[in-house]
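> Everything below, folded, please.
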Amino acid sequence: MFEPARIHTLWELVEYRARVSCGRPMFFDGDGRSVTFDGVRDEALRVAAGFRELGIGAGTRVAWQLPTRIGTVVASLALARLGAVQTPVIPLHREREVGFILAESAAEFVLVPGVWRGFDHTAMVRKLAGDGVRVLPIGDGLPTADPAGLPAAAPAGDGATTWIYYTSGTTSDPKGVEHSDAGLIAGGVGLATALGMSADDIGSIAFPYAHIAGPDYVIAMLVSGFPAVVLDTFEPGRAAAVYRRRGVTMAGGSTAFYQAFLDESRRYRRQLPHAGRLIPSLRLLSGGGAPMPPELYAAAGRELGCAIVHGYGMTECPMIAMGTPYDSDEQLSRTVGKPVVGAQVRIVRPDGSTAGTGETGEVTLKGPMLFRGYTDPALTAEAFTADGSFRTGDLGLLRPDGHLVLTGRLKDIIIRKGENISAQEIEDLLHTHPAVAEAAVIGLPDRERGERVCAVVTPADPAAPPLTLAGLTAHLRAAGLMTQKLPEQLETVGALPRGGPLNKVLKTVLRERYTE
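Below you'll find the model as predicted:
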C-alpha cells in the first residue's frame, strides 16, 4: 500500500512502483510501443548514467524543451535520480521566453529535440545559450551508460529545490517558480486521491509534459499504478483512434480538450452513424487550467457518455481543488471541486479577514504542494500573507458543501488553452508598432480555447490605412512572440476607456463591449 509519508523524492516513488507493479505497463505511445513500470525505471537508470558521464550530477541546472514522449519522461526521471535541478520549458516557447528562462535559471545544460514540427530548437537554443552552456540535441536518442557506477540517490526529505517552472503573471517577464520533489508528490497524491483511478484504468497524456501538470499526472500514475497513452501532439481524430485502440478510460487536459472531443465525436457519429461512442471505454474526462462553462459540461458529458471532473491548480500549486467521480452533476458543472487532500483554502476579504461561507474574496492557500517561492525574492515577499498563505490572485467562494467556485481574477492574465498569457507582455510589444498609439489586451470567452486574446488599439494616425490583424501578428512574430500568445481578434477604437484616480484603462468595459 502506498504510504506518502514514507516517500519524499520522485525517484523513491519510481522505485516503489517498479517493485509493486513489476511487469505491468506504464506507457503506451501512438506507434504501438509499450513499456512497463520497471522498464521505465531501468531505462531511466541507464540514461542517468549517460547524463553523469556528460557531467550532470546533483545540483546541476538542466533546462529541457522537449515534446511529450516516453523518452521525455524517462529523461526527467533520470535527472531526478541524479538530483539535478530541472527547468522544463514548453516546446511552443520561442526566443523571448527561452532566452529569459535560460539566463534567469542559470542553466548549465539544455536538452532539445533537434528539429521538431518544422522548427529547429537546436539552432535557437545555441543562439540564445551563454558561454559554457552545453546544448544536447537528443532527437536521435538519449545518452546511456552502465548504471552500476551511479552514486547513491540524493537523500530524501531535505525539501531542496529540484524543479523550476516559469509562468507568466501580470508582469511581462516570466516568473521562476521553485518546487521540491516532495511538493510535487503532494500535488500528485491530491490528484490521485480525487480521481480514484486504479491499475485497471488507462489514462492519457496529450498535453505538454513540460507543463506543471506533466509530473503531477505522472506522480498520480505512480501513486495509483495505472498506465497512460502518451502523444506528442494533440490531434483529436488521431487521439480518439489511439484511445479507442488502447481502451483509454480517462482523457482530457483542459477545457479546450473537452470541446475538441465533443466536436470530434459529433463528426465521428455523422460519418459513422452506427459506430457508437467515440471512445467506448471512456468513463472520465478530467482537466483544469481554464473555466469550464456549464453548457460545455452538459454537452460533452452527454455526447461522450462519461463524467467530467474539472479541477483548479496553477504553476505555484499544481493541485488545489478537484472534482471527483462521486460528485453530483450540479457540483461538477458549477464548481472546481473540493480542496484536495492537504490543501488548505481560505477566502479572504480585502482587509485580510476570512470571508464567510458563500462570500466572494481572494483565494489564499497553504499546503505541502505549495511552491517554495519564486526565484525573485521580492516576488515571493509580495505573494505571501503575514501568516504564510499564498495569494493566488483569483477570486472565489467556498460553498456550504465545501466546493470551491472561482468567480474571477485579480491578476491581469489571459488563460488560453490552460496556459497563462501576460497581457502586459503583448501590450508592450504592440506599443512598438509605429501605427499603434495605445493598446490594451484582454481575454474574451471562447468555446474552444477557454479564452481568446483580443487586442484593442488606437491608431497613431487615424487618417492612415487601418491596421489589420495579419499585419499586427506579423509584427509580434518578428518580435519573437510565441504563436500561442498572438491575438486572434483585433478591435480599433478612437480612445481607450479610462477612469479612476490614476486614469487607468478600464478593461472591464472592454470585456463587456466585445464579449459576444
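> Does the nearest residue to Gly39 once chain neighbours are set aside lie in a helix or a strand, and which?
Of all residues not flanking Gly39 in the chain, Met26 sits nearest, at 7.4 Å (C-beta to C-beta, 6 or more residues apart in numbering). For the C-beta atoms, the positions are set from N, CA and C on the backbone; glycine is no exception. Taking DSSP states H and E as the criterion, Met26 maps to strand 25-29.
> tell me the contacts of the residue nearest to Gly39?
If you count contacts by C-beta atoms under 8 Å, 6 or more residues apart in numbering, Met26 has them with 17, 35-37, 39-40, 221, 227-228.
> Tell me what the closest residue to Leu469 other than its chain neighbours is bridged to.
Distances taken as C-beta to C-beta, 6+ apart place Leu490 nearest to Leu469, at 4.2 Å, with adjacent residues excluded. Counting by DSSP bridges, Leu490 is bridged to Ala455.
> hang on, Leu490 packs against Ala470?
No - if you go by C-beta atoms under 8 Å, Leu490 and Ala470 don't touch, sitting 9.2 Å apart.
> that older thread, and for the residue nearest to Leu469, the neighbour number?
18 (other C-beta atoms under 10 Å).
> got a pLDDT number for it?
The model reports Leu490 with a pLDDT of 97.
> Pull up the gap between it and Gly253, please.
Using C-beta to C-beta, to the nearest Å, Leu490 is found at 28 Å from Gly253.
> picking up where we left off before, tell me the buried residues within the contacts of Met26.
Buried members of these, counted by 16 or more other C-beta atoms under 10 Å: 17, 35-37, 39-40, 221, 227-228.
> circling back: just the ones in strands from the contacts of Met26, please.
Of the positions in the contacts of Met26, 35-36, 228 sit in strands, assigned by DSSP state E.
> could I get the residues you listed as a markdown table with pLDDT and distance to Arg511?
Below are these laid out as a markdown table (pLDDT from 0 to 100; distance: C-beta to C-beta, whole Å):
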| residue | pLDDT | distance to Arg511 |
| --- | --- | --- |
| Val35 | 98 | 47 |
| Thr36 | 98 | 50 |
| Ala228 | 98 | 37 |
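> ok, now which ones touch Ala220?
Ala220 sits next to 188-189, 191-192, 195, 197 when contact means C-beta under 8 Å, 6+ apart.
> Give me the pLDDT for it.
97.
> Would you check how far apart it and Gly214 are?
11 Å.
> likewise Gly139?
According to C-beta to C-beta, Gly139 stands 20 Å off from Gly214.
> what do you get for Ile421?
According to C-beta to C-beta, Ile421 stands 19 Å off from Gly214.
> Not counting its own residues, what contacts stretch 289-304?
Contact with stretch 289-304 is made by 213, 253-256, 258-259, 261-262, 265-266, 277-279, 282, 285, 307-308, 310, 313, 329, 332-334, 406, 415-419, 445, 447, 449-451, as judged by C-beta under 8 Å, 6+ apart.
> try stretch 27-39
So stretch 27-39 is contacted by 17-19, 21-26, 40, 43, 69-70, 73, 202, 222, 225, 227-232, 238, 242, 246 (C-beta under 8 Å, 6+ apart).
> all strands of the stretch 101-250 of the chain, in order?
For the stretch 101-250 of the chain, applying DSSP state E, counting those that start in this stretch gives strands covering 109-112, 115-116, 119-120, 134-137, 163-167, 175-179, 203-205, 228-230, 250-254.
> can you list those in CSV and add distance to Pro91?
Below are these laid out as CSV (distance: least, C-beta to C-beta, whole Å):
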stretch, distance to Pro91
strand 109-112, 9
strand 115-116, 7
strand 119-120, 9
strand 134-137, 14
strand 163-167, 13
strand 175-179, 18
strand 203-205, 14
strand 228-230, 14
strand 250-254, 15
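> Compare the mean pLDDT across those strands and name the weakest.
Among the strands of the stretch 101-250 of the chain, strand 250-254 has the lowest mean pLDDT, at a mean of 90.
> So which of Gly139 and Gly214 has more stuff around it?
Per other C-beta under 10 Å, whichever of Gly139 and Gly214 has more neighbours is Gly214, with 21 against 13.
> Start and end of stretch 327-337, how far apart?
Length of stretch 327-337, first residue to last, C-alpha to C-alpha, to the nearest Å: 8 Å.
> Let me fix that, I meant to ask about stretch 321-340.
Start-to-end span of stretch 321-340 (C-alpha to C-alpha) is 5 Å.
> how about that stretch: buried residues?
Neighbour-count burial for stretch 321-340, counted by 16+ other C-beta under 10 Å, picks out 321-325, 327, 331-333, 335-340.
> Give the next helix or strand downstream of the worst-scoring helix or strand of the chain on mean pLDDT.
Each helix and strand of the chain was given a mean pLDDT (mean pLDDT, DSSP states H and E); the minimum falls on strand 498-499 at a mean of 72. Going down the chain from strand 498-499, the next helix or strand is strand 504-505, by DSSP H and E.
> which residues sit against that next one?
If you take C-beta under 8 Å, 6+ apart as the criterion, strand 504-505 is touched by 438, 440, 496-498.
> ok, Gly149 - contacts?
Contacts of Gly149 (C-beta under 8 Å, 6+ apart): 49, 52.
> Extract the C-alpha trace of stretch 489-496 and format it as CSV.
Taking Å, rounded to 0.1, in the frame of the first residue of the first chain, the C-alpha atoms of stretch 489-496 are listed here in CSV:
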residue,chain,number,x,y,z
GLN,A,489,-9.1,39.4,-32.6
LEU,A,490,-8.3,43.0,-33.3
GLU,A,491,-10.5,46.0,-32.4
THR,A,492,-9.7,49.5,-33.4
VAL,A,493,-11.1,52.4,-31.3
GLY,A,494,-10.7,56.2,-31.2
ALA,A,495,-9.8,56.2,-27.5
LEU,A,496,-9.5,53.5,-24.8
